[in-house]
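> Sharing a sequence plus its predicted fold:
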Amino acid sequence: MTTNAEPAEDAPAELLDVFKALANPVRLQLLRWLREPELHFPVEQAIADPAEVGICVSHIQAKVGLAQSTVSAYMAALERAGLVRSTRVGKWTHYKRDEERIAWFVAALGRSL
């Protein structure tokens, strides 16, 4: 995975991983919600700073209304594509968008099309 904002020459293969992650409408919606977590999640109930650490998977699960295992699988797919990062706080996993990787994706897409 390329970590800087400049797309690599193998960008088309990496783009496919991102497209696969975004092909599911629920995963796409989760990524949208994480753009502005304070508007979509109960940040006053957070055990960690949502801006710095992210949103607890239990809050994501409550918002989307799916089984915890399904939400965890969806978030793992977004993480494998590099669109979110996870952080453990105690026994809870928190997720936040990886803005640098998303910027890379947008730049790579623009150069590939």
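That came in fine, so what should we check first? This structure is a prediction, so every number in the text was calculated from the model and none was measured. Residues are numbered from 1 along each chain as shown.
> Next up, the contacts around the spatially most central residue of the chain.
Nearest to the mean C-alpha position of the chain, by Cα atoms, centre = their mean, lies Val84 at 3.0 Å. By Cβ atoms under 8 Å, 6 or more residues apart in numbering, the contact set of Val84 is 31, 34, 54, 75, 78, 95-98. Glycine gets a C-beta too; all of them are placed from N, C-alpha and C.
> and if we set it to 6 Å?
By Cβ atoms under 6 Å, 6 or more residues apart in numbering, the contact set of Val84 is 78, 95, 97-98.
> Now do His59 against Ala103, distance only.
Per Cβ to Cβ, to the nearest Å, His59 is found 26 Å from Ala103.
> Which one of the two is surrounded by more residues?
Using other Cβ atoms under 10 Å, the more surrounded residue of His59 and Ala103 is His59, with 22 against 12.
> Could you list the low-confidence segments of this structure?
Scanning the chain with the threshold set as pLDDT under 70 gives 1-11, 46.
> where exactly do the strands run in it?
Taking DSSP state E as the criterion, the chain contains strands spanning 55-56, 84-89, 92-97.
> Could you list every helix and strand that the shortest one packs against?
Contacting strand 55-56 under the criterion 3 or more Cβ pairs under 6 Å, 6 or more residues apart in numbering; DSSP states H and E are the following elements: strand 92-97.
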